[in-house]
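S.K.: based on what follows, work out the 3D shape:
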Amino acid sequence: MVMDHLDLDLLRTFAVIAETGALSRAAVRVGRTQAAISLQVKRLEAIVAQTLLDRSGRGVTLTPQGTRLLAHAQRILRYHDEALAELSGKGLTGTIRFGCPDDYAVVILPQLLRGFAREHPEVLVEVYCAHTPRLLERLDRHALDLALTSFPEQEKGAAIIRWEPLVWVGSVGSTAANLNPLRLALSDPDTLDHRAARRSLEAVGRSYRLAYASASLAGLTAVVRSGQAIAVLTRTAVPEDLRVLPPESGLPPLPSVGIALTVATPQPAAVVSAFAEHVRLALPAI
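M.R.: Prediction:
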């Protein structure tokens, strides 16, 4: 009698689906078609005799049985990867100093770190979050090994791996977008969101004043939540309790920014190169 078993490949695909929340994004991550990973899910559901995913137009969520399986899958995969790294002698070790924009810290950073930790559990990734100008300063001093950095649309030579639209953000029910002059909560003057906000308003002759300036994303969103000002954020960074202000609000359009991976040295250590490759492959699919 042939016994069913939890195939590692099926479990790994299932974990990626749970992490990305969409079959399409998971397909890009694992290098298969969406139809192929859908078949993998059906095979896994047949093995455990449970429905694991709830599908909707906005993506997929785990059923209670799927949540239980995910906990087991993550442990199984971690133990497998640790054993393989130890016994093969090919496991990477060391510390990586990684710079990340503040607006990526909540949504994107956890997925990047979890994915890399599964493959290289003995590597420690130290994270420093700040705006791009501060990250570039630390890269120049070799205080970071690599960092995600933002570039304007017209930047030449940057190897962009993801585009992020800038959006106007306000609190639900606030009339701050109608004030004259407009009150802005912006980050440091040399950041792309700060410059884009001022340039777009000046281009259409809209009066404004800086009501709050800070390098802290938490500080900016707190001011927006109070209804006293509006901000400019990347679409990824907009918290669920705030809203993207639509074109009908009368605010001018904003550009997109390109996200690139900048490495401090042209010949990084093997562990840094491995993390850089992981980021380049994973980031577009998150």
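S.K.: which residue is nearest the centroid of the chain?
M.R.: Note on the chain: the residue nearest the mean C-alpha position is residue 108, at 2.2 Å, using Cα atoms, centre = their mean.
S.K.: so that one makes contact with residue 285?
M.R.: No: contact criterion Cβ atoms under 8 Å: residue 108 and residue 285 do not qualify, at 10.8 Å. C-betas here are computed from N, CA, C, even on glycine.
S.K.: go through the worst-scoring helix or strand of the chain on mean pLDDT and flag the buried ones.
M.R.: Using mean pLDDT, DSSP states H and E, helix 64-88 stands out as the lowest-scoring helix or strand of the chain, at a mean of 81. By neighbour count on 16 or more other Cβ atoms under 10 Å, the buried set for helix 64-88 is 66, 69-70, 73-74, 77, 81, 85.
S.K.: low pLDDT regions in this protein?
M.R.: 1-3, 57, 82, 85-86, 88-90, 156-158 (pLDDT under 70).
S.K.: what comes into contact with stretch 38-48?
M.R.: 4-7, 9-11, 13-14, 17, 23, 32, 51-53, 65, 69 (Cβ atoms under 8 Å, 6 or more residues apart in numbering).
S.K.: now with 6 Å, please.
M.R.: Under the contact criterion Cβ atoms under 6 Å, 6 or more residues apart in numbering, stretch 38-48 has outside partners 4, 10, 13-14, 52.
S.K.: same question, stretch 139-153
M.R.: So stretch 139-153 is contacted by 96-97, 99-101, 132, 135, 138, 158, 192, 255-260, 262-264, 272, 276 (Cβ under 6 Å, 6+ apart).
S.K.: which ones among those are found in strands?
M.R.: 96-97, 99-100, 256-260, 262-263 (DSSP state E).
S.K.: so which residues of the protein form strands?
M.R.: 53-56, 59-62, 94-100, 123-129, 146-152, 160-171, 182-186, 208-213, 230-234, 242-244, 256-263.
S.K.: with distance to residue 196 and mean neighbour count as added columns, please give the ones you listed in CSV.
M.R.: Listed next are the strands of the chain as CSV, based on distance: least, Cβ to Cβ, whole Å; neighbours: other Cβ atoms under 10 Å:
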stretch, distance to residue 196, mean neighbour count
strand 53-56, 34, 13
strand 59-62, 29, 16
strand 94-100, 20, 20
strand 123-129, 21, 15
strand 146-152, 8, 21
strand 160-171, 5, 19
strand 182-186, 10, 22
strand 208-213, 13, 16
strand 230-234, 6, 25
strand 242-244, 15, 16
strand 256-263, 8, 20
